[in-house]
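Asker: Sequence first, then the predicted structure, then my questions.
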Amino acid sequence: MRKSEQRASWLAAHAAARILVVDDEPTNRQLLETMLQLAGIAEVITLADSREVVPRCLAEPIDLVLLDLHMPYYSGFEVLSALRARLPTDTFLPVVVLTGDTAGETRSRALEAGASDFLIKPFDMTEVVLRVRNLLDAKHLHTQVRAHSQALEARLEERDRADRERRDRDARIQARIEAALDERCRGTVYQPIADLRSGGIVGFEALTRFAGEPCRPPNEWFDEAASIGRGAGLELAAGRTALAGMEQLAPDAFMSVNFSPSTALERDLFDLLIDLPGERIVLELTEHDRVDDYAPLVEALDELRAHGVRIAVDDAGAGYAGLRHVLRLRPDVLKLDVALTRDIDRDPARRALATAMVAFAYEIDADVIAEGIETAEELRTLRDLGVPLGQGYHLARPDSLPLTATSLAAC
């Protein structure tokens, strides 16, 4: 706050202050009230009976008290002690004692009882106004500091609450992911990938299914695991389970397994694939991760390629599988996203894009697999466009092993 704004704030606080004057002498009360009003303080409350001071201060907001030390009923010392005992501990109520006694012992006793300052009778207006303004400034500053402290405490409490909620949430996620890592809580189904000309089954995509709660799509399980740093662990566990089914497939059929780009960088993935026939494995890079640095990813994929593993870009035409992504990875397989194949028989724009993808795949010597084929019309259009391979509910739904069919009649 600038000094001018601070001064304006203080002046406003002075004008709005409520000052309580307590003195059994009417002349003193009238004189102090007049002095304070001339100084710009609009609300001055006067009391003659010291017994009313504490109840008044407890019942309504008072910013400063001018208190005579020597009065009937309760002395100023007794009033000070009662105020200190009855007011909340965080209350800052300045009290200026009024006295004609200039003895040091009297001042020490008043300070020990809780007095903030002194005014010596007879009163000098300059001194009265100066001392009152100084204490109102202190009161105003105390109010601001207290408000700031309360706001800070509220923010800290909110942050602590958010931290507790985050820890509780992460603990629940950890428990769910730990359960999902148990093979009894997940399984694998395999969807045939067919040659769209002959109908022969050339491969299978392995798809993980989770049996635990909550019931939700597999991608949400993997996303949640990634949110707590367990994404690679869950993907690798799912991939290990899926690849165990390779021995039940026809010896010339490949298996396509899904991994995120971040998991493709893990050495554990290379160790998982190195003992398997690489030429029968297609590693599909899922579209869920944005790749910021392609160099280490390309290096990891090249090492897998050297083992015979083919690399597929999943959901080409959607998500992060854009042109730059494809150009940097130079995949061996392009999988056309379901958003591209759906209604392709009725949408010229989809047909044009699919045609371009087929031509591009031919130029980089990559295969094309159309995902999500759900109608005979979509199948016929894709075949006419030269898309060689495809999968989808129209051809065959994912199922558990063993899958004994070698061709699909729907083609």
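Answerer: Done, it's in. Numbering: from 1, shown residues only.
Asker: any idea how far stretch 64-75 is from the chain center?
Answerer: Averaging C-alpha coordinates over stretch 64-75 and over its chain gives two centres that are 57 Å apart (CA atoms, centre = their mean, to the nearest Å).
Asker: Any buried residues in that stretch, and which?
Answerer: With burial defined by 16 or more other CB atoms under 10 Å, the residues of stretch 64-75 counted as buried are 64-71, 74-75. Yep, even glycine has a C-beta here, placed from its N, CA and C like the rest.
Asker: Repeat that for stretch 22-30.
Answerer: The neighbour-count check on stretch 22-30 (16+ other CB under 10 Å) flags 22-23, 28-29 as buried.
Asker: With stretch 109-119 instead?
Answerer: Under 16+ other CB under 10 Å, the buried positions of stretch 109-119 are 109-110, 113-119.
Asker: same question, stretch 185-202
Answerer: For stretch 185-202, a neighbour-count test (16+ other CB under 10 Å) marks 186, 188-196, 200-202 as buried.
Asker: That stretch: end-to-end distance?
Answerer: Across its full length, stretch 185-202 reaches 29 Å between end residues, using CA to CA, to the nearest Å.
Asker: What of stretch 243-255?
Answerer: As for stretch 243-255, its first-to-last residue distance stands at 8 Å under the measure CA to CA.
Asker: Show the average pLDDT along it.
Answerer: Averaging the model's pLDDT scores along stretch 243-255 yields 94.
Asker: Which residues does that stretch contact?
Answerer: Taking CB atoms under 8 Å, 6 or more residues apart in numbering as the criterion, the residues outside stretch 243-255 that touch it are 188, 190, 201-206, 242, 257, 272-273, 276, 279-282, 310, 401-403, 406.
Asker: what comes up buried for that stretch?
Answerer: By neighbour count, and taking 16+ other CB under 10 Å as the criterion, the buried residues in stretch 243-255 are 243, 245-246, 249, 253-255.
Asker: If you count contacts, what does the longest helix seen in the chain end up packed against?
Answerer: If each helix of the chain is counted by residues according to DSSP state H, the longest one is helix 125-180. Where contact means 3 or more CB pairs under 8 Å, 6 or more residues apart in numbering; DSSP states H and E, helix 125-180 is packed against helix 3-15, helix 26-38, strand 64-68, strand 95-99, strand 117-120, helix 218-227, helix 231-243.
Asker: Redo those as JSON lines? Include distance to Ala349.
Answerer: Output for the helices and strands packed on helix 125-180, formatted as JSON lines (distance: least, CB to CB, whole Å):
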{"stretch": "helix 3-15", "distance to Ala349": "60"}
{"stretch": "helix 26-38", "distance to Ala349": "82"}
{"stretch": "strand 64-68", "distance to Ala349": "78"}
{"stretch": "strand 95-99", "distance to Ala349": "82"}
{"stretch": "strand 117-120", "distance to Ala349": "84"}
{"stretch": "helix 218-227", "distance to Ala349": "27"}
{"stretch": "helix 231-243", "distance to Ala349": "34"}
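Asker: hey, which of these is tucked in deepest?
Answerer: When neighbours are counted by mean count of other CB atoms under 10 Å, the highest per-stretch mean among these falls to strand 64-68, a mean of 26.
Asker: next SSE after that strand?
Answerer: helix 76-86 (DSSP states H and E).
Asker: quick one: buried residues of that next one?
Answerer: Applying a neighbour-count criterion of 16+ other CB under 10 Å, one finds 76-83 buried in helix 76-86.
Asker: can the residues you listed go into JSON lines with extra columns for distance to Ser50?
Answerer: What follows is these, written out as JSON lines (distance: CB to CB, whole Å):
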{"residue": "Gly76", "distance to Ser50": "7"}
{"residue": "Phe77", "distance to Ser50": "10"}
{"residue": "Glu78", "distance to Ser50": "8"}
{"residue": "Val79", "distance to Ser50": "5"}
{"residue": "Leu80", "distance to Ser50": "11"}
{"residue": "Ser81", "distance to Ser50": "12"}
{"residue": "Ala82", "distance to Ser50": "10"}
{"residue": "Leu83", "distance to Ser50": "11"}
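Asker: which non-adjacent residue is nearest Leu336?
Answerer: Using CB to CB, 6 or more residues apart in numbering and skipping the chain neighbours, the partner closest in space to Leu336 is Ala370 (4.5 Å).
Asker: quick one, what contacts that neighbour?
Answerer: By CB under 8 Å, 6+ apart, the neighbours of Ala370 are 196, 335-336, 340-341, 354, 382, 387, 389-392.
Asker: Please name the bridge partners of it.
Answerer: Leu336, Gly390 (DSSP bridges).
Asker: and the gap between it and Pro218?
Answerer: With distances defined as CB to CB, to the nearest Å, the gap from Ala370 to Pro218 amounts to 21 Å.
Asker: and Pro331, helix, strand or coil?
Answerer: Assigned state for Pro331: coil (three-state reduction, DSSP: H, G, I helix; E, B strand; the rest coil).
Asker: Could you number the chain from 601 rather than 1 from now on?
Answerer: All right, first residue 601 from here; so that's Pro931.
Asker: Phi first, then psi, for it.
Answerer: Here is the backbone geometry of Pro931 (degrees, to the nearest 10): phi -70, psi 160.
Asker: Let me see the contact set for it.
Answerer: 885, 911-913, 964, 966.
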